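Student: structure of the sequence below:
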Amino acid sequence: MDITLTENSCLNISLEKVTILETFATLAVASVTVSPKNISNTCDHKYTISLNTSEQNITLEYLLEYTDIECKFTLSVSNSSKYIDFRTQDQAPRELSAVAVSPSTCLVFWSNASDYEWYPSVYNITITRYHVGNEDHFLRNCSPFSDVTTWTDTITGGITNYTFDSGLPDFNYTIEVIALFNAGFGREATTSCVTQVSASQKPEYVQVNYTENVTTADVEMSVDLSWDAPCNTNGPVKYFVIELSGVCREENTLISNRTFTIPIDSTNYSSKYFLYISNLTAASNYTVEIFATIDPDGQFHGEEAVITFSTNDNFPIFNESELSNIEFNTSATQAAFTIRETLFNITNGNLQYIAIMVSNKNISGGVTYKWDNITLWPEPQEADGEIYYQATRPFWNPFLNDTFVDVILGDNQNCTGKAQFCNRPLSPNATYYVYIRMFNSGYYRDTMPLVLVTDVINEDNIAPVATGVNF
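Tutor: Have a look, this model is predicted:
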C-alpha cells in the first residue's frame, strides 16, 4: 500500500487529490488521520475521516489550521497503516497594496488570505521607515525625527484595510502584513508606500549684518545675510529664494521689492549659505523672507524664515509721494516749478538747507552722502557728468518763513563764483535730470530725478516762463 500526495500545497482551503494507489476491494472501511508534527498532543489539530473502498482520491480539508506546519498523513486499513509527511505552505494576504493620501498617511488594503471570508480574522501589520522618497530631499543632523522607525499593530474582526498616519513627508515605508491562523502565522505579504511631499521646513539661524561704507561720492548701505539650511526639506528642493521688501536703488530707480535665487548645493547641503545685498536706502525698514523650493517660479515653496532690520535712521528722508505733484512749465531755455515744504520728512532731523542739482544724466537718484564738516559746503564734481551743477547758492533754506518756493531754472543768476554754482540757461530741446537735495546735521541726500525736456527754440518761447526767486 503506497501513498502519494499529488499536490503538496495549502494555498487553497484544502489539500486535494491525495491518491491511494492500492485498491481496497476487499475492505469495507479505511481511515485517514492528519496531525501536525512537533505540536503538543493537547492541541486539537487532528482529525480522522472514513473512506469507502471504492475511493482512491480524498480531500483533506481545514489544513489552513496547520499553516506552515509539518504534518503527518496516516492511512489505516484494518491493522495496517501507511505514513507520509508533508509541510503545509504558509498563506499570505492577497492583493496587498498601499496608497499615500497625505504627507503623513498611507492607506493599506489587502484581500483575505483564504477563500473563507471569516477566516482568518486576525492580521499583524509591520511598517518600517526607510530612506527618503525623492532625490534632492535633504536632511541635516538637526532633523527632529522620532526614534521610532518601526510600527506594529494587530487588526481583528476580519478587517482587511489599515490607516497608517504616523509618517513623515516624502519617505519610503515598507509594509508587511501577516495572517494569524489557528496554528500560527502565515507568510507575509509586502508592499511599500511613499508619503506625499510637503512644504520644506524653514531655514535656520538667519543673521543680518548691516554695514555702511562711507566714500566721498556716496554712503553705500548694504547687508550680508547668512543662514543654515532647513533640518528637513520634506521633499525635493533645488533653490533658496530670498525676497527683500523695502526701498532699494536699482540703476538710479527706486524699487520696493527685490528677489534673489541661490541654487542648493547638493554635495554640501549642510554648509552655511550667504547673500550680499547692496543699494539699500537710508532710514528704511526691510523684511527678508528666505525659503526652499524646487521651482523658484512656481507657487509651491517651503516655510519662510523671516527677519527684519532698518538702515541708519540719521539720514535725511523725503516724502517721495510729493515728487509726483511737481510739474515743470518749460520754455526753450528755462523751466519753472514749485517745491513745497511737505516734500521733506523731518523725522530724522530738521531740514537745514536744500539745493537743486541739474545734470544731463541720471547719476545720483536716491544717493545719500556723508557731510562731516557742516561749515564746508560740498562742491559738485564735474567728473560726475558732462553737465552737473548746483543751480542754487550754498546754505540756502527758503522754508524759514514760507511753506513753498517757486523756482526758475536757467535764469542765469548766481554765476559770479565757481562754475559748479550757476543757474545757467538751459539748452533748447534738451533733457535734464533735476535733483532736490536735502541737508540735515550730518548727511545730505538727493531725491529721485525729476525729468524735464526744454522746448524747441522759436520766436514765441525765448522769454522767461515765470517769475521766481533769486538763489
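
Student: give me the phi and psi angles of Leu343.
Tutor: Dihedral pair for Leu343: phi -70, psi -30, per degrees, to the nearest 10.

Student: how many residues are close by it?
Tutor: Using other CB atoms under 10 Å, the number of residues around Leu343 comes to 21. Backbone N, C-alpha and C define where each C-beta goes, glycine included.

Student: and it, what pLDDT?
Tutor: As summarised for this prediction, Leu343 has a pLDDT of 93.

Student: how about the closest residue to Asn397 other than its chain neighbours, what does it touch?
Tutor: Among residues not flanking Asn397 along the chain, Tyr353 sits closest, at 5.0 Å (CB to CB, 6 or more residues apart in numbering). Applying CB atoms under 8 Å, 6 or more residues apart in numbering to Tyr353 gives the contacts Pro394, Phe395, Trp396, Asn397, Phe439.

Student: again, but for Asn134
Tutor: Asp170, Val194, Val197, Gly235, Pro236.

Student: roughly how far does it sit from Phe291?
Tutor: Taken as CB to CB, to the nearest Å, the spacing of Asn134 relative to Phe291 amounts to 18 Å.

Student: likewise for Ile408?
Tutor: According to CB to CB, Ile408 stands 53 Å off from Phe291.

Student: three-state assignment of the residue nearest the centre of the chain?
Tutor: For the chain, the residue whose C-alpha lies nearest the mean C-alpha position (CA atoms, centre = their mean) is Gly302; its distance is 2.1 Å. Secondary structure for Gly302, judged by DSSP: H, G, I helix; E, B strand; the rest coil, is coil.

Student: state the helix or strand in which the closest residue to Ile155 other than its chain neighbours lies.
Tutor: Using CB to CB, 6+ apart and skipping the chain neighbours, the partner closest in space to Ile155 is Tyr123 (4.6 Å). Tyr123 is located in strand 122-132, with elements delineated by DSSP states H and E.

Student: same question for that strand: list its buried residues.
Tutor: In terms of neighbour count (16 or more other CB atoms under 10 Å), strand 122-132 has its buried residues at Val122, Tyr123, Asn124, Ile125, Ile127, Arg129, Val132.

Student: got the domain ranges for this protein?
Tutor: Residue ranges of the domains in the chain are recorded as 3-87, 94-194, 204-310, 317-453, according to automatic domain parsing.

Student: what's near enough to touch Tyr282?
Tutor: One thing to correct before we go on: residue 282 is Ala, not Tyr. With contact taken as CB under 8 Å, 6+ apart, Ala282 is in contact with Val219, Met221, Thr311, Asn312, Phe315, Pro316, Ile317, Thr368, Tyr443, Arg445.

Student: now render those as TSV, adding neighbour count.
Tutor: Output for the contacts of Ala282, formatted as TSV (neighbours: other CB atoms under 10 Å):
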residue	neighbour count
Val219	19
Met221	24
Thr311	22
Asn312	17
Phe315	24
Pro316	29
Ile317	21
Thr368	28
Tyr443	22
Arg445	24
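
Student: just the residues you listed now: which is nearest Ser104?
Tutor: Taking CB to CB as the measure, Ser104 sits nearest to Thr311 out of those, at 43.1 Å.

Student: next, the contact list for that closest one, please.
Tutor: When contacts are counted by CB under 8 Å, 6+ apart, Thr311 touches Tyr210, Glu212, Met221, Leu280, Thr281, Ala282, Ala283, Ser284, Tyr286.

Student: buried set for the helix or strand the second one falls within?
Tutor: Glu212 belongs to strand 204-214 when assigned by DSSP H and E. Residues of strand 204-214 classed as buried by neighbour count (16+ other CB under 10 Å): Val206.

Student: cool, stretch 325-335 as well?
Tutor: Neighbour counts using 16+ other CB under 10 Å place Ile326, Phe328, Thr330, Ser331, Ala332, Thr333, Gln334, Ala335 of stretch 325-335 among the buried residues.

Student: quick one: which two of those are the most distant?
Tutor: Across the buried residues of stretch 325-335, the two members that end up farthest from each other (CB to CB) are Ile326 and Ala332, 20.6 Å apart.

Student: which helix or strand in the protein has the lowest average pLDDT?
Tutor: For the chain, scoring each helix and strand by mean pLDDT, DSSP states H and E identifies strand 14-20 as the least confident one, at a mean of 34.

Student: how about the strands in the stretch 201-350 of the chain?
Tutor: Listed from the start of the chain, the stretch 201-350 of the chain has strands (DSSP state E, counting those that start in this stretch) covering 204-214, 219-228, 232-236, 239-249, 254-263, 272-277, 285-293, 305-310, 317-318, 329-330, 335-340, 344-345.

Student: out of the ones you listed, which is closest to Gln91?
Tutor: Gln91 lies closest, by CB to CB, to one member of the strands of the stretch 201-350 of the chain: strand 232-236, at 38.1 Å.

Student: quick one, the closest one and strand 285-293 angle?
Tutor: Between the axes of strand 232-236 and strand 285-293, defined by axes from the mean of the first three to the mean of the last three CA atoms, to 10 degrees, the angle is 60 degrees.

Student: send the alpha carbons of strand 232-236 over as PDB?
Tutor: As requested, the backbone C-alpha atoms of strand 232-236 are provided in PDB (Å, rounded to 0.1, in the frame of the first residue of the first chain):
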ATOM      1  CA  ASN A 232      14.300  68.600   6.700                       C
ATOM      2  CA  THR A 233      13.100  69.800   3.400                       C
ATOM      3  CA  ASN A 234      10.100  67.300   3.400                       C
ATOM      4  CA  GLY A 235      10.500  66.700  -0.300                       C
ATOM      5  CA  PRO A 236      12.800  67.700  -3.200                       C
END
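
Student: tell me the mean pLDDT for stretch 232-249?
Tutor: Here the mean pLDDT over stretch 232-249 is 92, rounded to a whole number.

Student: now do the buried residues in that stretch.
Tutor: Of all the residues in stretch 232-249, those buried under the rule 16+ other CB under 10 Å are 232-244, 246-249.

Student: also stretch 335-350?
Tutor: When neighbours are counted by 16+ other CB under 10 Å, the buried residues of stretch 335-350 are found to be Ala335, Ala336, Phe337, Ile339, Leu343, Phe344, Asn345, Asn348, Gly349.
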